[in-house]
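K.L.:
need coordinates for the below:
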Amino acid sequence: GISNPSPGFVQRVTQAFKSGSFTSGGVTFGDSKYGNLKAVAAAITLDPESLSPVIDEDPASGNIREPLLKVIQFMRSLSFQRRPNVKFRYGLFDEMSFKIGQMVFDPPDQFSFFAHDYQPPGVFAEAGMVSPESELLSMSSVVGLTNGLFSFVNYGLANADGGFASVLGKMV
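P.N.:
Sure thing, here's the model as predicted:
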């Protein structure tokens with residue numbers, strides 16, 4: 001994702017939405033109907049700005065990964081698989097909103113977990129840039145994420161030492 005897209009990038013994605021098609025490398029995506037999301041997805045992922053390694057070095061480009069995506073990526077990197085014989089009534093995670101600041105399907109309001117125009121104080125605000133995902137960063141959520149990942153490495157998906165799992169009394 002890109003928190004601070006260039007005006008050209010926004011224009012190209014908007015054009016793909018309006019026209020319903022996007023062409024890259026001789027391949028056309030979409031059906032030329034207004035709002036075609038296949039064309040929009042192709043415009044976002046295949047735009048030269050999305051593919052350029054030079055832009056990766058620009059400090060104004062990119063975004064931070066939100067906490068829940070960090071947890072899921074961490075679990076995937078360790079090839080986590082839930083044992084099929086263990087069923088959880090409340091899901092695999094417990095009280096994630098309190099531990100890392102967000103949980104699947106539990107945003108604080110209908111608009112998402114963070115405001116699209118959030119500017120963290122300091123350099124970002126001075127430069128006029130936004131970093132919506134930074135709104136979830138608080139000392140307690142950073143400590144909760146760190147404790148949860150540490151617990152995951154040491155104990156697996158457990159409720160030990162601030163782990164992410166449900167307590168044993170809630171398991172079915």
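
K.L.:
give me the buried positions along stretch 54-61.
P.N.:
Neighbour counts over stretch 54-61 (16 or more other C-beta atoms under 10 Å) mark 55, 61 as buried. Every residue, glycine included, has its C-beta placed from N, CA and C.

K.L.:
one more: stretch 30-46?
P.N.:
Going by 16+ other C-beta under 10 Å, stretch 30-46 has these buried residues: 30, 36, 39, 40, 42, 43, 44, 46.

K.L.:
try stretch 5-25
P.N.:
5, 9, 12, 13, 16, 17, 19, 20, 21, 22.

K.L.:
how far away is the fifth one from residue 150?
P.N.:
The gap separating residue 16 from residue 150 is 43 Å, by C-beta to C-beta, to the nearest Å.

K.L.:
how about the third one?
P.N.:
If you measure residue 12 against residue 150 using C-beta to C-beta, the figure is 42 Å.

K.L.:
contact partners of the longest helix seen in the chain?
P.N.:
Counting residues, the longest helix found in the chain (DSSP state H) is helix 139-155. Under the contact criterion C-beta atoms under 8 Å, 6 or more residues apart in numbering, helix 139-155 has outside partners 67, 70-71, 74-75, 78, 98-101, 158, 160-164.

K.L.:
now, of those residues, which are buried?
P.N.:
So, by 16+ other C-beta under 10 Å, the buried ones in the contacts of helix 139-155 are 67, 71, 75, 99, 100, 101, 162, 163, 164.

K.L.:
run through the protein and note the low-pLDDT ranges.
P.N.:
1, 85-91, 166-172 (pLDDT under 70).

K.L.:
what ranges does it have for its strands?
P.N.:
22-24, 27-29 (DSSP state E).

K.L.:
so for residue 132, which of those strands sits nearest?
P.N.:
strand 22-24 (24.6 Å; C-beta to C-beta).
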